[in-house]
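# need coordinates for the following:
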Amino acid sequence: MNKSEKFWDKMANKYSKSKIKDEEGYEKTLDDTKKFLKRESAVLEIGCGTGTTAFKLAECVDEMTATDISSNMISIAKERAEEQKVQNINFAQTTLFDEKLKKESFDVILAFNLIHLLEDTQAVMKRINELLRPGGFFISKTACLSEKSKLWPILAFVMGKVMRVGRIQCFTIAELEEAMIREGFEIIETHVYFPKPPRLFAVAKKGQ
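Sure, this is the predicted structure:
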């Protein structure tokens, strides 16, 4: 078990009870995501936490896979699924780089409030591209900690040390978009949420 997994395992119960801070922004994210989901879409959510977003989107597809590094997060998500009688989400404790996730097996991959917490942004983009089928969509919402602020990168460094979650990535909006483009994605839709720090919602399409 690595440091990040230990941290999120400890946070799972508290996280499951926390309220969404930007309700309006969250609903807009859901609406903008749903536009790219079809009933037959094979969907993967990485960093699903306790399943809140997966439950909201599952009604749009026949089946989806939702993963998280934390076994405790996944346990809570499975309990919620049973309570809510949701049967079309496959919750699994794993990482993006699990070899059980086959190349070109998903139409849509979702990552909300996650990419800045993963160690190697470029390797993450490459892996997401590998897992998507040609013409598939990568939909994300990501904190851009270096955008218009010198303070957030400092705070991110301190938080990473204190919480023992490893290095928290700090990039501008332009740098995040460039990381997607470098791996062959075409960015077809974006908008920025401005609670501090700014968060970029982006829809990136894999080439045919």
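
# so where's this protein uncertain?
Scanning the chain for pLDDT under 70 picks out the ranges 1, 148-167.

# which residues of it fall in strands?
According to DSSP state E, the chain carries its strands in the segments 43-46, 64-68, 89-93, 106-112, 132-143, 185-193, 199-206.

# can I get those strands in a markdown table including mean neighbour count and distance to Thr29?
Bear in mind the C-beta positions are built from the backbone N, C-alpha and C, glycine included. Putting the strands of the chain into a markdown table (neighbours: other CB atoms under 10 Å; distance: least, CB to CB, whole Å) gives the following:
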| stretch | mean neighbour count | distance to Thr29 |
| --- | --- | --- |
| strand 43-46 | 26 | 13 |
| strand 64-68 | 24 | 16 |
| strand 89-93 | 19 | 18 |
| strand 106-112 | 23 | 7 |
| strand 132-143 | 21 | 6 |
| strand 185-193 | 15 | 8 |
| strand 199-206 | 22 | 6 |
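
# nearest to Cys170, out of those?
In this view, the strands of the chain are compared for proximity to Cys170 by CB to CB, and strand 132-143 is the closest at 9.1 Å.

# run me through the strand neighbours of the closest one, direction for each.
The strands beside strand 132-143 in its sheet (DSSP bridges) come out as strand 106-112 (parallel), strand 199-206 (antiparallel).

# how close does the spatially closest residue to Ile69 that is not a sequence neighbour get to Ser146?
Nearest non-adjacent residue to Ile69, counting by CB to CB, 6 or more residues apart in numbering: Glu5, 5.0 Å away. In this structure, Glu5 and Ser146 are 26 Å apart, going by CB to CB, to the nearest Å.
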